[in-house]
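A predicted structure for the sequence below; I have some questions about it.
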Amino acid sequence: MAWRDLLFPRDRTFGRLLAEQATQARRGADLLRRYEEQREPAVAGEMTTLEAEGDALRRRLVDELHNTFVTPMDREDLFALSRLLDDILDAALEALLGIAVFEVRESAHLHEMTKAVAEAAAALERAVAGIAGDGPETAEAARRAKRLENEVSNLYRYGLQHAFSHLPGSDGLLAREVFASLRAVGAAIGRAADLIGDILVKGT
């Protein structure tokens, strides 16, 4: 029997809900990148709707946990991974609204950070699909998400240095807030990737 069958034996509800959450997180990162590039107000509305849908998915998974006696993997791991996927979407919304409200000017550092965040979220989506039994190369996808999280952290430091060196005081502080939100997206992705690695070890 494959390890995926051991993790998600007959009832695949939890795997499906986690996969849907991961897709919402990836879509949120894509919207963030799109807003950074195009500055279209309608994108912010799409993100707000997406975040509300993500919250609803999270509540459904928690309800399933409360109503299921035997779960296909550790109950704590299910809860933690669902929470991290929700954290990704929350931080992406915060970053997008920060760009919009603070009117943070375009920069190569901001562009590269949103690009790396979107790529990391896409890799994490593949990893979550893998543990749900619907995607190959789960471990490699999780490792790629982790590498991209490290890239986001490096870009955060470079972005701060550039902001405080080249922007007026208040603009630099506002840019820092947005960079911090982007780093929070990356950090949540990295923690989720680490947790998937732990789940894979338990399933072998």
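Sure thing, it's come through. Residues are numbered from 1 along each chain as shown.

which secondary element of this structure has the worst mean pLDDT?
Within the chain, no helix or strand scores below helix 3-7, which has a mean of 48 by mean pLDDT, DSSP states H and E.

Tell me the first helix or strand C-terminal of that helix.
Per DSSP states H and E, the first helix or strand lying C-terminal to helix 3-7 is helix 13-38.

That next one packs against which elements?
Judged by 3 or more CB pairs under 8 Å, 6 or more residues apart in numbering; DSSP states H and E, the packing partners of helix 13-38 are helix 41-67, helix 75-102, helix 108-131. Where C-beta positions appear, they are placed from N, C-alpha and C, glycine not excepted.

Comparing these, which stretch has the densest surroundings?
helix 108-131 (a mean of 24; mean count of other CB atoms under 10 Å).

and it, what does it pack onto?
Using 3+ CB pairs under 8 Å, 6+ apart as the test, helix 108-131 ends up in contact with helix 3-7, helix 13-38, helix 75-102, helix 138-166, helix 169-203.

With distance to residue 49 added, can I get the ones you listed in a markdown table?
Formatted as a markdown table, the helices and strands packed on helix 108-131 follow (distance: least, CB to CB, whole Å):
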| stretch | distance to residue 49 |
| --- | --- |
| helix 3-7 | 32 |
| helix 13-38 | 10 |
| helix 75-102 | 10 |
| helix 138-166 | 25 |
| helix 169-203 | 18 |
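
Please name the residues that touch residue 44.
35, 96, 97, 100 (CB atoms under 8 Å, 6 or more residues apart in numbering).

Tell me who's in contact with the first one.
Which is residue 35. Shown in contact with residue 35 (CB under 8 Å, 6+ apart): 43, 44, 47, 96, 99, 100.

how much space is there between the residue nearest to the spatial centre of the chain and residue 170?
Among the residues of the chain, the one closest to the centroid is residue 88, at 3.6 Å (CA atoms, centre = their mean). According to CB to CB, to the nearest Å, residue 88 stands 29 Å off from residue 170.
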